[in-house]
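1. next input, structure requested:
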Amino acid sequence: MAKAEQGTVRIRWVRSGIAFNRQQEEAVRALGLRRLQQVVERPDTPVVRGLIAKVPHLIEVIGPVKPAAWASVAEYTITTPPKPVEKPAPVAEPEPVSFAPEPAEAAPVEPVAAAGELAEEPKPKRRARTSKAKASAEEAEAAEGKD
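-> Numbering: from 1, shown residues only. Below you'll find the predicted structure:
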């Protein structure tokens with residue numbers, strides 16, 4: 001394999017080598033791991049794959065590094081314009097229904113009096129009298145008429 005074609009492997013140390021075989025601890029050190037949760041990147045060769053196979057319970061292989069999201073978006077894209085969509089024939093819309101009351105007929109406008117003339121104002125209508133008030137008023141008129 002040529003070096004340019006060679007990939008890499010990312011490895012993380014996840015479990016201590018205490019209470020395990022000394023050779024397993026040395027295999028972890030040979031991979032370049034010095035402390036727990038450390039991540040190293042090694043060339044993907046048969047030697048490195050053999051060391052990983054010796055201590056799979058102490059380390060984990062991490063997937064490839066994800067590129068930044070902005071790096072995967074093209075600056076611009078040239079595409080063909082979309083085809084125009086055929087519209088169906090227009091349907092006649094019904095007349096709008098108005099629920100507003102119809103305007104009342106305007107009262108006839110009386111002519112305005114000339115500047116020198118004074119228009120006669122109509123007298124205000126009197127309210128209808130109640131029966132007691134009506135009776136007392138009639139008595140009062142009758143008493144005036146006798147005198």
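
2. which stretches of the protein form strands?
-> Using DSSP state E, the strands of the chain run over residues 8-13, 39-43, 59-62.

3. low pLDDT regions in this protein?
-> 1-5, 65, 74, 100, 102-104, 106-122, 126-133, 145-147 (pLDDT under 70).

4. hang on, Ala30 packs against Leu51?
-> Yes: counting by CB atoms under 8 Å, Leu51 is a contact partner of Ala30 at 5.7 Å. All C-beta spots, glycine's among them, are computed from the backbone N, C-alpha and C.

5. hey, C-alpha coordinates of stretch 80-92 in CSV?
-> In CSV, the C-alpha atoms belonging to stretch 80-92 read as follows (Å, rounded to 0.1, in the frame of the first residue of the first chain):
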residue,chain,number,x,y,z
THR,A,80,-32.5,24.2,-14.8
PRO,A,81,-35.5,26.4,-14.1
PRO,A,82,-38.6,24.6,-13.0
LYS,A,83,-41.3,23.8,-15.6
PRO,A,84,-44.3,26.1,-15.4
VAL,A,85,-47.4,24.5,-13.9
GLU,A,86,-50.5,24.6,-16.0
LYS,A,87,-53.3,26.3,-14.1
PRO,A,88,-56.9,24.9,-14.5
ALA,A,89,-59.5,27.1,-16.2
PRO,A,90,-60.8,29.8,-13.8
VAL,A,91,-64.1,29.1,-12.3
ALA,A,92,-66.7,31.9,-12.1
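
6. what comes up buried for it?
-> By neighbour count with 16 or more other CB atoms under 10 Å, stretch 80-92 contains no buried residues.

7. what's the answer for stretch 62-80, then?
-> Neighbour-count burial for stretch 62-80, counted by 16+ other CB under 10 Å, picks out no residue.

8. straight-line length of it, end to end?
-> 41 Å (CA to CA, to the nearest Å).

9. just name the most buried of the strands of the chain.
-> strand 8-13 (a mean of 18; mean count of other CB atoms under 10 Å).

10. more neighbours: which of Ala30 and Leu51?
-> Counted by other CB atoms under 10 Å, Ala30 and Leu51 do not tie: Leu51 has more neighbours, with 20 against 13.

11. want to throw the strands of the chain into TSV with distance to Glu95?
-> Output for the strands of the chain, formatted as TSV (distance: least, CB to CB, whole Å):
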stretch	distance to Glu95
strand 8-13	73
strand 39-43	74
strand 59-62	71
